[in-house]
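1. coords please:
(chains A, B and C)
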Amino acid sequence: MTEATAPRRAPRSRTVPSLPPGPPVQDGGDWSTWPTYEAAALGFRNFWYPTVWASQVGSKPYPVTVAGERIVLIRDDAARGVVRALHDRCPHRGVPLSLGRRQFPGTISCPYHGWTYGLSDGKLRAVITDGPDSPICGKVAVATYPVAERLGLLFVYIGDVPAGQGPPPVERDLPAELVGNPLVLGGRTDVRAGNWRFAAENGFDEGHAKYLHNTALWRLFKVMPTWNVTRVVDRDGWIVRVQDELHWDATFPGVGTFTNKRWWKRMPLPDRPGKSPKANPVIAGLDLPGFVSFRLPGLLRVAYPQFIHYEWYVPVDADRVRYVQLMVRFETGWRAQLFKAKYLAAIRWLFHGQFTAQDAWMVDVMDAPPERLYRPDLSITALRRHIEQAGVTIQPTEPRRGH
Amino acid sequence: MTEATAPRRAPRSRTVPSLPPGPPVQDGGDWSTWPTYEAAALGFRNFWYPTVWASQVGSKPYPVTVAGERIVLIRDDAARGVVRALHDRCPHRGVPLSLGRRQFPGTISCPYHGWTYGLSDGKLRAVITDGPDSPICGKVAVATYPVAERLGLLFVYIGDVPAGQGPPPVERDLPAELVGNPLVLGGRTDVRAGNWRFAAENGFDEGHAKYLHNTALWRLFKVMPTWNVTRVVDRDGWIVRVQDELHWDATFPGVGTFTNKRWWKRMPLPDRPGKSPKANPVIAGLDLPGFVSFRLPGLLRVAYPQFIHYEWYVPVDADRVRYVQLMVRFETGWRAQLFKAKYLAAIRWLFHGQFTAQDAWMVDVMDAPPERLYRPDLSITALRRHIEQAGVTIQPTEPRRGH
Amino acid sequence: MTEATAPRRAPRSRTVPSLPPGPPVQDGGDWSTWPTYEAAALGFRNFWYPTVWASQVGSKPYPVTVAGERIVLIRDDAARGVVRALHDRCPHRGVPLSLGRRQFPGTISCPYHGWTYGLSDGKLRAVITDGPDSPICGKVAVATYPVAERLGLLFVYIGDVPAGQGPPPVERDLPAELVGNPLVLGGRTDVRAGNWRFAAENGFDEGHAKYLHNTALWRLFKVMPTWNVTRVVDRDGWIVRVQDELHWDATFPGVGTFTNKRWWKRMPLPDRPGKSPKANPVIAGLDLPGFVSFRLPGLLRVAYPQFIHYEWYVPVDADRVRYVQLMVRFETGWRAQLFKAKYLAAIRWLFHGQFTAQDAWMVDVMDAPPERLYRPDLSITALRRHIEQAGVTIQPTEPRRGH
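-> Take a look at the predicted model:
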């Protein structure tokens, strides 16, 4: 059932346009309605993906897998210490370069025979065990990947860079509010079980939080609704969940009553982040019609009046996802310091720990298709439609092996 | 070589009819002679199978897998605490219901979005996160399975129940002597490595016990024969191994002599359980022509003059079998209490422990076909023929996933 | 590029003939140029392979896998204790005979039903649980394998032995210098990760040692070259790496300088083992044109002036290789005793331990094809060509299961 055909869900006072009507919520079946989505077990090409913290990578090679591509990260001492990313496979006999070392400045050497590649361009610059006149030098190269350091994270560009051009600016794939505004952040980046699509759907999913997270310590003092009436709208390249109704309790005939209200919990959130009189000016300026937004290639934004939580779902392989969580406040000075202390003392463990571990649990055990969607899953079908309409390039599931 | 063509094995004084001649013992090769058996990696449909002890299941969901079907067991507080069995997969996104809880009386709720199913009929009765008017209620159901509590065990019916009818009574699939007679029992139920067919064949196998269990503590004080002359006969839906000759020792020309006799061991068993003057009246009344019987779907009965040992081989998946062992005496009062004490003090560890662990070892390492059968394997070919002639329905090996 | 077409690599003063020109070093691609090699994931038939130490096998069955064949080794008390090798699978139901025991002299009995095989011929001589007149005796046999005890190791012949003949003498597959000369040895035999071909290529590989083993304690006091000019020649059924030039350091333009020289290291080896004035007479008598030789089915010889190191790469299965290392000195008396002490105190840990563990690390992570060979890989292509031209029989990759 789509919103367009459900009168009781029609927008009332809000002027946000709804998405055009798409395929209705599916009753069971497979994912053939969303062929791009179905094929994208390893995500999409031509995007910047966050990986590990910049502080984790130094002069020792650091292996990561992004969208099925095995990559070695290492700092280039011949270029003011910027981080470089190369395909983590020596073309000679397939040994991972990340097992090697920075034998000479600005290079990485395979541990096996000393094939030595320039960090900036991946070109084979020397082969230690074949002497200075080695005829293979200059004829072999490993693929390189553009790297950018933003928000303390290393972003890697997975895609095709036309000859003579660079990749798009990393800012294209960052939330605009994270570019240029003073901010302070805390976060986590780790690899979890499950395909990235289950993680992304779980993130934008309208339905689960109110039941799955009912027991989360993070919500110990704040009530969560029992059910909502929701729409999804387009806004600046994001899709946004708009809550038209919030129901704090419900009685199910013949079954029982459910509510998350307790005497010690306070009523929470206004119906959109900017509505709070105490809203942070940057967040209020976003004029978001709802709390939760999603955009490609797999980024969730949960905006509260005074802070924003971001989650990236970065494909690792078909069975694992890198889960990058950031909590951001647009503050400076002592307020920023106070947030850092609160992050380390509580948020890191309660929200980025126990709360999202409940999500990780579900992402791990989910087993679809087949599936049988329900009314709140209009958020999930909107996400899939968003992807189908975006004209993205699917990352092939056959791993890169050659050079 | 079959018994019908082996004059020296012809029945002598016994009147029990032999099985009609079937295919001879196979020399090597595959199982194509027994197509039903060959296809039944997950066993047969339309039978009651024992699972776990009734005392193991309470208000918390308990997952079991039977014949490849993932099932959640839980007590229904809205129906005097009877145990219910439902397919352990929420049709919404495939999350196991056994990870959820009994949120409301008489229901189970998926932990993810609170889809809430009636325990008695599996129907979707409420969806917590979609409000009381959720249009999907009543349109979705998970499969339910008939459950019966007998002998302290939870029996689950795997099969097709025609609309408006119930399953056959569980008593149909129980040994008749276990219905109505006062009795006392001890037992174990656990999951072991190996396909159920290897376990069943091992159970009814004429040959192995006398050599494999030669070292078992359970037989420390009782001699086992070295080899027997055996027939298999039909009796009341069971096949029964009849020993026409028992040989307590043997000398193999050019090889050596073998016997299990020792000065401290006493000679055992008469040649059938009812023949002993001290035989229990219930057991004597069975008038069994031999000690060991087998029947569908995978039940072994080893009858001694004063007690009976039962083993069920319940398919879990193609590589695992649930092994349910029961030791039963038809006694009451202080004799029953004495048996319970003896069971806990010795039988549980010696017979249901070390002795059958030797069987489990073989079931795990067996690797057939190809195979090369020998004379005592007429018990195994009789078992396979029994199955081929029974007109059973094979459980499909493709797992149930939809709703 | 082959040596024949590379003028600067032409032999100068040496008279050793080079190999005839073969296919050039391949640029990437697969192994289809070497079809025998490509198909030989389990090695070759009709060769003797070393397995475990003779001292490891006694009256208890000992399982090994050689070239994909599961074999049980056991001493035959009816034949002066020689070691026998039988296919480790009872044809009855597929139980490994190595789980059984030597129930009677000169036999092995399956633990399940007591099928009892003669150790010398594998013939079924008795079936304990079927009595002395068991009709199957004499009609079933398990395959046997010729075994020879040499150098303290048990060699097993994997191949076809024509009726009425024996296998070739084990001496055919031993280095000639190990037959007849007095010698003393130390060694190790263990199973490692990786296919045997990667281990063999690593062994004969011209290129890697000088860089991979740069950090090995074994070379703490001896300089290794940086790069060499090399040829491969045929010599008495072996292929031998001949060093035409040794370069102790090299400066790579724009990259840096590399050398293994340190003030505390002494310059090593002459350019061939027999050239040293202190060379052992047996080793000098080999008149080897280079230090490293290889021969079928997978044997490496690294000859130094006073000792020789041998490595056998014995296929276990497609993913594992048995790595047999021997260090041999042709000495007797107190010199031999001194070597034994030195082996146990140092060589075992430094050379047969840490040094070759670096090789094991590479064999484990190698991932080819695709591959991109370079100039020193003429040793690897020579090895492959040696195999292609040898007219060997490929061991099938389908495991033996029948009897």
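
2. what sits against the residue in chain A that chain C sits nearest to?
-> Chain C sits closest to A:G94 of chain A, with a gap of 3.2 Å, by Cβ to the nearest Cβ. The C-beta positions use only the backbone N, C-alpha and C, and glycine is treated the same way. A:G94 sits next to A:R401, C:V365, C:M366, C:D367, C:A368, C:P370, C:E371 when contact means Cβ atoms under 8 Å, 6 or more residues apart in numbering or on different chains.

3. Emit the PyMOL select command for whichever of these are buried.
-> To isolate the buried members of these in PyMOL, using 16 or more other Cβ atoms under 10 Å in any protein chain shown:
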select buried, chain C and resi 365+366+368+370+371
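
4. pretty sure A:I108 is in a helix, no?
-> No. Looking at A:I108 with DSSP: H, G, I helix; E, B strand; the rest coil, it is strand, so not inside a helix.

5. A:G237 reaches A:R295, doesn't it?
-> Yes. Judged on Cβ atoms under 8 Å, A:G237 makes contact with A:R295 at a distance of 5.6 Å.

6. more crowded one of these two?
-> Neighbours per residue (other Cβ atoms under 10 Å in any protein chain shown) separate A:G237 from A:R295, with A:R295 holding more: 19 against 13.

7. got a list of what the residue sitting nearest the centre point of chain A touches?
-> Central residue of chain A (Cα atoms, centre = their mean): A:W312, 1.2 Å from the mean position. With Cβ under 8 Å, 6+ apart as the criterion, the residues that contact A:W312 are A:Y49, A:P50, A:G298, A:L299, A:L300, A:R322, A:Y323, A:V324.

8. So which bits of the helix or strand where it lies are buried?
-> A:W312 belongs to strand A:308-317 when elements are defined using DSSP states H and E. Within strand A:308-317, the residues scored as buried using 16+ other Cβ under 10 Å are A:I308, A:H309, A:Y310, A:E311, A:W312, A:Y313, A:V314, A:P315, A:V316, A:D317.

9. and what of stretch A:47-67?
-> By neighbour count on 16+ other Cβ under 10 Å, the buried set for stretch A:47-67 is A:47-54, A:57, A:61-62, A:64-67.

10. Show me which pair in those is furthest apart.
-> Within the buried residues of stretch A:47-67, two members stand farthest from each other by Cβ to Cβ: A:F47 and A:P61, at 23.9 Å.

11. Which pLDDT value belongs to A:R272?
-> For A:R272, the pLDDT comes out at 82.

12. contacting residues around it?
-> A:R272 neighbours (Cβ under 8 Å, 6+ apart): A:V242, A:L288, A:P289, A:G290, A:F291.

13. Dump those residues to CSV, plus neighbour count and distance to A:C137.
-> Formatted as CSV, those follow (neighbours: other Cβ atoms under 10 Å in any protein chain shown; distance: Cβ to Cβ, whole Å):
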residue, neighbour count, distance to A:C137
A:V242, 23, 59
A:L288, 23, 54
A:P289, 22, 58
A:G290, 23, 57
A:F291, 21, 56
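
14. from these, which is closest to A:P270?
-> A:F291 (9.6 Å).

15. my read: the closest one touches A:R241, true?
-> Yes. The criterion here is Cβ under 8 Å, and A:F291 meets it with A:R241 at 7.1 Å.

16. what does chain A have sitting close to chain B?
-> For chain A, the contact set with chain B under Cβ under 8 Å from any Cβ of the partner chain comprises A:1, A:28, A:206-208, A:210-212, A:226-227, A:247, A:250-256, A:258, A:361-362, A:365-368, A:370-376.

17. Show me how to select, in PyMOL, the buried members of those residues.
-> Selection command for PyMOL covering only the buried members of the residues of chain A next to chain B, criterion 16+ other Cβ under 10 Å:
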select buried, chain A and resi 206+207+208+210+211+212+226+227+250+252+255+256+258+361+362+365+366+368+370+371+372+373+374+375+376
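
18. out of the residues of chain A next to chain B, which are inside strands?
-> Judged by DSSP state E, the subset of the residues of chain A next to chain B located in strands is A:W227, A:H247, A:A250, A:T251, A:F252, A:G256, A:F258.

19. Farthest pair within those residues?
-> Across those (Cβ to Cβ), the longest gap, 15.3 Å, separates A:H247 and A:G256.

20. buried stuff in stretch A:326-343?
-> For stretch A:326-343, by 16+ other Cβ under 10 Å, it's A:L326, A:M327, A:V328, A:R329, A:F330, A:E331, A:F339, A:Y343.

21. Can you name the residues that contact the fifth one?
-> It stands for A:F330. A:E177, A:N181, A:P182, A:L183, A:N280, A:P281, A:V282, A:I283.

22. What subset of those residues is buried?
-> Buried, going by 16+ other Cβ under 10 Å: A:E177, A:L183, A:N280, A:V282, A:I283, out of the contacts of A:F330.

23. Low-confidence ranges, chain A, go.
-> Counting by pLDDT under 70, chain A shows low-confidence ranges at A:1-28, A:269, A:399-403.

24. Helices of that one, residue ranges please.
-> Ranges of helices in chain A, per DSSP state H, are A:35-39, A:196-204, A:209-212, A:281-286, A:333-342, A:348-349, A:356-365, A:378-388.

25. Distance to C:C90 for those helices - can I get that in CSV?
-> Conversion of those to CSV gives the following (distance: least, Cβ to Cβ, whole Å):
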stretch, distance to C:C90
helix A:35-39, 49
helix A:196-204, 47
helix A:209-212, 53
helix A:281-286, 74
helix A:333-342, 68
helix A:348-349, 57
helix A:356-365, 42
helix A:378-388, 55
